[in-house]
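A.B. asks: Here's a sequence, model it:
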Amino acid sequence: MKKGIISVLSSVFLLGSILTGCGSSASQPSASADKQASSNGPTTIDFWYAMSGKNGEAVKKMVDDFNHSQNEVKVNATFQGNYYDNHAKVLSAIAAGNQPDVTQIEVASMASFANSGALEDLTPYVTGKNGTDKNDFVPGLLGNSYWKGKFYGIPFNRSTPLLYINKDKLKAAGLDENGPKTWDELKSYSEKLSKKGQEWGFSTPIDIWFYEAMVFENGGKILSEDGKQALFNSPQAIEPITFWKGMMDEGSMKMPPGAKYDAWEAADNDFVNGKAAMIFDSTGSLNMLLDQAKFRVGTAFLPKKANYGVAAGGANLVMLAKSQKKDAAWKFIKYMTDKEQTIKVTENTGYMPVRKSAIDSPEMKKFFTEHPQFKVAVDQLKYAQPRPASPGYKELQEVIMNEIQRAILGQATPADALKAAADKANQLLQK
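C.D. replies: Below you'll find the model as predicted:
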């Protein structure tokens, strides 16, 4: 997570005064999309999304299917780059008064956007006559949907990180091709699978999401329950950095070059090209990696320390508070997150089904039987926690990652680096 995001966050806080009072009241939604359509033809809304490649194609196909399924609402879908790019563009568009009606928001940024007044409270829509069964959503995916008791985001493309495994390499090395189960096994497997300077047993971007998971696995926390105090300078949260650095120093782990998603892409390339036998990546990358790899790809839980643990990630669909077409926007959000569409998202991308009814459906059970790699993230959800919820966390991620990188590069000890990050965090989190 590199520069640029700090300026984006500054915009979030500045927008607070612009957006004050723009959120919805607790009243029921106004005139329906049906009435708007009958008098004026289809209501056109704008949807900005942040998924590219095959995943983006799947989203665009869903939008096209929605447009063809009815004549009340027409959706113009526009790809706006990755999450960071999209977030920045949404903030700029709000300030300019030409914001979309619906967009994706990465879950760790939900509190920041909601606290600024940028998002519509969806409670009246969820509970209204054209609502949806909120109890059908997988409970472990709802933690980042709320802010200050209001419901702002509907789970859409949701994920956990997975351990991806080149099963052929592990089998050839005499290792269990289902992969390591613990940190110690990850280390020993990686040592046996590495060829100094040529191939690595393990690679992962030094990313906040994977760091959060390892802290949770080690019994630690990132922030206090109220989101006001940093807790990531504890021994449990320092140890993951020490572990990573130790593996890198001995040559069994590679830190892929690049920043943000460039590093993710580099790790993916090393994996499919046989340069890394195991990587951490999102379940949302599963379909892409299966298509590109010329070997048997396995998926597994992230290896545990004190326990298994991951942070539930991905994005929610949100409605912008300044939208003038909220009923049409809700009709679209409801469609995109229904049972049938969440099945399509899983089958075409690797992201998890967000509804219990989808997981329990005959179609999904058959798909999981035929493609067991896709079910691992669903099973791992029992160990998932929400990503830290604080308006300042979107900016704080940048601070933490900068300090972790300093430690990895030997410019500070892990303890000193995280102390420096915590000192900055405790100031930031009081804003």
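A.B. asks: mind listing the helices in the stretch 101-250 of the chain by residue range?
C.D. replies: 110-115, 123-127, 167-172, 183-193, 208-217, 235-250 (DSSP state H, counting those that start in this stretch).
A.B. asks: could you say what helices and strands the helix or strand hosting Ala311 packs with?
C.D. replies: Taking DSSP states H and E as the definition, one finds Ala311 inside strand 310-319. Strand 310-319 sits against strand 102-106, helix 110-115, strand 154-159, strand 161-166, helix 208-217, helix 326-336, strand 384-386, with contacts defined as 3 or more Cβ pairs under 8 Å, 6 or more residues apart in numbering; DSSP states H and E. No exception for glycine: its C-beta is placed from N, CA and C like everyone else's.
A.B. asks: roughly how far is the last one from the heart of the chain?
C.D. replies: Pointing back at strand 384-386 there. Chain-centre distance of strand 384-386: 11 Å, with Cα atoms, centre = their mean, to the nearest Å.
A.B. asks: Other residues contacting the helix or strand that it is followed by?
C.D. replies: Next helix or strand after strand 384-386 toward the C-terminus (DSSP H and E): helix 393-408. For helix 393-408, contacts defined as Cβ atoms under 8 Å, 6 or more residues apart in numbering pick out 1-3, 5-6, 8-9, 12, 87, 108-109, 111-112, 206-208, 211, 223, 227, 230, 232, 241, 244-245, 248, 255, 387, 390, 412-414, 416-418, 420-421, 424-425, 428-429.
A.B. asks: Would you mind giving the orientation angle of helix 393-408 with respect to strand 102-106?
C.D. replies: Calculated by axes from the mean of the first three to the mean of the last three Cα atoms, to 10 degrees, helix 393-408 forms an angle of 40 degrees with strand 102-106.
A.B. asks: Name the residues of helix 393-408 that come out as buried.
C.D. replies: 393-408 (16 or more other Cβ atoms under 10 Å).
A.B. asks: end-to-end on stretch 331-344?
C.D. replies: 18 Å (Cα to Cα, to the nearest Å).
A.B. asks: now swap in stretch 270-288 and tell me
C.D. replies: Termini of stretch 270-288 sit 14 Å apart (Cα to Cα).
A.B. asks: again with stretch 43-58
C.D. replies: 23 Å.
A.B. asks: same question, stretch 107-123
C.D. replies: Terminal residues of stretch 107-123 are spaced 18 Å apart (Cα to Cα).
A.B. asks: can I see the domain layout of the protein?
C.D. replies: Domain ranges of the chain: 5-159+313-378, 161-311+389-428, per automatic domain parsing.
A.B. asks: Confidence-wise, which of those domains is weakest overall?
C.D. replies: Mean pLDDT values for the domains of the chain show the minimum at domain 5-159+313-378, a mean of 87.
A.B. asks: Could you pull out the strands in the stretch 1-150 of the chain for me?
C.D. replies: Taking DSSP state E, counting those that start in this stretch as the test, the strands found in the stretch 1-150 of the chain are 43-49, 73-79, 102-106, 146-147, 150-151.
A.B. asks: quick one: buried residues of the first one?
C.D. replies: Of the residues in strand 43-49, those buried by neighbour count under the rule 16+ other Cβ under 10 Å are Thr43, Ile45, Asp46, Phe47, Trp48, Tyr49.
A.B. asks: Need the contact partners of that strand.
C.D. replies: 33, 36-37, 56, 59, 63, 72-80, 86, 89-90, 100-104, 323, 325, 327-329, 332.
A.B. asks: repeat that with 7 Å
C.D. replies: 33, 36-37, 59, 63, 72-80, 86, 90, 100-104, 325, 328-329, 332 (Cβ atoms under 7 Å, 6 or more residues apart in numbering).
A.B. asks: likewise the last one?
C.D. replies: With Cβ under 7 Å, 6+ apart as the contact definition, strand 150-151 has outside contacts at Asp121, Leu122, Thr123, Val126, Ser145.
A.B. asks: Grab the nearest non-local neighbour of the third one.
C.D. replies: Looking back up the chat, that one is Thr123. Phe151 (4.8 Å; Cβ to Cβ, 6 or more residues apart in numbering).
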